[in-house]
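next input, structure requested:
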Amino acid sequence: MKINKNMTVTEILNVDPMISNIHTGHGMSCLFCGAAVHETLEQACRVHGIPADQVDLMVAQINDFIGGPENADESC
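Numbers count the residues shown, from 1 in each chain. Purely as a prediction, here's the structure:
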């Protein structure tokens, strides 16, 4: 599975809860709040003042962590 910024925070964390370490490293500390179910990663980052280029970096780090690029499902 390949992670993208249009997935909800909860969808991403359901892939592997340890991804939360990457999120907190970028300043997102409220990963399990009610908004995480409905907000995309991009929306959540915007709320936390995280710039777009850092969102792209976070997505790349998450995909590296889970092996996303090599095992990517482009239909996601």
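
please make it C-alpha for all contacts and neighbour counts, starting now.
Will do.

and the strands in the chain, which stretches?
For the chain, no strands turn up when DSSP state E is the criterion.

where does this protein dip in pLDDT?
The chain contains residues with pLDDT under 70 at 30-31, 68-76.

go with 90
Within the chain, the segments meeting pLDDT under 90 span 1, 23-24, 26-38, 47-48, 68-76.

quick one: residues in contact with the longest helix seen in it.
Counting residues, the longest helix found in the chain (DSSP state H) is helix 52-66. Under the criterion CA atoms under 8 Å, 6 or more residues apart in numbering, residues 2-5, 16, 19, 22-23, 26, 41-42, 45-46, 68-69 lie in contact with helix 52-66.

between the residues you listed, which sits nearest Gly34?
Checking the contacts of helix 52-66 against Gly34 by CA to CA gives Leu41 as the nearest, at 13.6 Å.

just give me the neighbour total for the closest one.
Applying other CA atoms under 10 Å, we find 24 other residues in the vicinity of Leu41.

now do the same contact list for it.
Remark: with contacts taken as CA under 8 Å, 6+ apart, Leu41 is in contact with Asn4, Lys5, Asn6, Met7, Thr8, Val9, Val55.

any idea how far the third one is from Thr40?
Yep, that's Asn6 we're talking about. When distances are taken as CA to CA, to the nearest Å, Asn6 and Thr40 turn out to be 5 Å apart.

and for the second one?
From Lys5 across to Thr40, the span is 6 Å (CA to CA).

distance of Asp64 from Thr40?
The gap separating Asp64 from Thr40 is 19 Å, by CA to CA.

what about those two, which has more around it?
Here Asp64 and Thr40 are set side by side on neighbour count (other CA under 10 Å), and the busier one is Thr40, at 20 against 14.
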